[in-house]
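**Student:** sequence plus the predicted model coming up.
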Amino acid sequence: MSSYITWTLREIVLPLPLGVIISAITERLVRRSRPYARLRNNVIKLSVACMGVSCVSCNLLFLVGVIIGTAMQPVGLTGGIATGKSTVSSLLQQQSSSDKEDEDEFVIIDVDGIAHDILLPNKLGSDSVYNLLVAEFGIGILSTEEKGTISPNIDRRKLGDIVFRDGQKRRKLNSITHPKIIKIMLKRILLEGLNLNSSTTNTTKHRRRVVCVDIPLLFEGGVPMRLLFGTIIVVACKPDLQLERLHKRNPDLTLEQCRQRIASQIPWRKRQPKLML
Ligand SMILES: CC(C)(COP(=O)(O)OP(=O)(O)OC[C@H]1O[C@@H](n2cnc3c(N)ncnc32)[C@H](O)[C@@H]1O)[C@@H](O)C(=O)NCCC(=O)NCCS
Ligand SMILES: Nc1ncnc2c1ncn2[C@@H]1O[C@H](COP(=O)(O)OP(=O)(O)OP(=O)(O)O)[C@@H](O)[C@H]1O
């Protein structure tokens with residue numbers, strides 16, 4: 001636990017605000033234009049120097065944090081379980097596939113998808129998320145449909161049953177999965193922001209590219225996570241409608257299990273929105 005806190009402090013708390021401050025100053029100066037050109041150049045030099053220092057100290061994540069904070073300012077798309085985040089992100093993607101030159105191109109990073117990927121047994125090694133989870137929660141979380149295979153998949157339904165009814169176990173799951181998820185998310189934001197990810201590279205040249213991260217637990221990630229995003233979109237609906245949508249979408253869950261999942265997240269009123277949908 002203490003190593004997780006140290007990791008978060010060193011890799012996230014320190015670099016991101018620095019990047020955000022540099023970004024805010026640079027943007028303000030860019031807007032004010034000519035009279036401040038020299039100062040602006042100095043600020044840009046300062047940010048390059050910060051990146052240089054982090055490069056020399058070989059702290060790659062620090063470097064990533066500063067670059068992301070400075071240059072990308074991605075959009076965060078968040079909200080409670082089954083409120084409609086994926087529905088909103090597919091609407092944004094649909095808009096992106098239109099040919100209108102004046103509309104932004106949204107590139108969506110799905111953090112739930114990243115969380116699913118890291119559970120797979122294909123990245124074995126003693127510190128793999130798969131091994132750590134099996135060591136922590138036991139072989140009871142493995143799929144029984146794949147009996148006989150060397151590394152059966154983790155059955156997310158079984159793991160979900162354990163962690164959504166017990167806060168301590170959920171925190172344990174989070175402490176194993178979140179550092180890995182955050183690393184992959186930062187890397188993806190960087191690649192997408194720099195337009196280096198060949199799978200999503202679009203040939204359209206004149207449209208603004210907006211990196212949008214669909215991240216359910218943005219506010220649970222605290223201040224550093226909020227600072228990472230330039231704009232935060234909160235998708236919300238009335239609590240009874242949320243319960244109804246969740247139960248309808250996941251009929252395998254009992255109403256009690258649905259309530260447990262909703263209760264495991266912070267209430268929507270506490271998600272301080274910059275834009276509410
Ligand atoms: C618990 C797991 C196995 C359940 O898998 P399952 O396929 O049933 O659900 P899925 O991953 O699609 O998540 C659905 C929703 O549950 C909510 N949720 C997921 N994990 C958590 C969590 N640790 N705490 C609170 N809510 C959560 C989110 O709103 C998410 O959108 C899985 O969600 C998981 O590994 N969670 C830990 C990683 C995590 O925090 N993921 C959320 C992305 S930040
Ligand atoms: N505006 C809407 N009107 C009616 N149904 C909706 C609306 N938005 C979403 N839904 C339905 O609610 C359910 C949950 O939506 P969705 O999967 O987009 O939520 P989510 O927030 O992405 O969920 P999760 O937190 O599990 O990732 C889906 O079955 C979807 O079809």
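**Tutor:** Thanks, I have the structure now. Ligands and ions are numbered 1, 2, ... in the order given.
**Student:** let me see the ranges of the helices in this protein.
**Tutor:** All helices of the chain, identified by DSSP state H, fall at 2-8, 15-32, 37-56, 60-67, 85-97, 111-117, 129-137, 156-163, 167-193, 222-228, 239-249, 255-263.
**Student:** my guess is residue 243 meets residue 258, correct?
**Tutor:** Yes. With contacts counted by CB atoms under 8 Å, residue 243 reaches residue 258, the gap being 5.7 Å. (C-beta placed from N, C-alpha, C; glycine too.)
**Student:** give me the more crowded residue out of the two.
**Tutor:** residue 258 (22 against 18; other CB atoms under 10 Å).
**Student:** that one against residue 245, yeah?
**Tutor:** No. With contact defined as CB under 8 Å, residue 258 does not count as touching residue 245 (9.5 Å).
**Student:** and the stretch 51-200 of the chain, which residues reach ligand 1?
**Tutor:** Contact residues (CB under 6 Å from any ligand atom) of the stretch 51-200 of the chain with ligand 1: 81, 111-112, 115, 119, 156-157, 159-160, 163, 170, 173-174, 177.
**Student:** widest-spaced pair of those residues?
**Tutor:** 111 and 157 (19.5 Å; CB to CB).
**Student:** who's more crowded, these two?
**Tutor:** residue 111 (22 against 13).
**Student:** for the more buried one, which non-adjacent residue is closest in space?
**Tutor:** residue 215 (4.3 Å; CB to CB, 6 or more residues apart in numbering).
**Student:** contact residues of the stretch 1-150 of the chain facing ligand 2?
**Tutor:** 79, 81, 82, 83, 84, 85, 86, 87, 112.
**Student:** so which of the residues you listed would you say is closest to residue 225?
**Tutor:** Of those, the one sitting nearest to residue 225 (CB to CB) turns out to be residue 79, at 14.5 Å.
**Student:** and the closest one, what does it touch?
**Tutor:** Residues in contact with residue 79 (CB atoms under 8 Å, 6 or more residues apart in numbering) are 85, 216, 234, 235, 236, 268, 271.
**Student:** run a quick neighbour tally on the third one.
**Tutor:** Residue 234 is surrounded by 21 other residues when neighbours are defined as other CB under 10 Å.
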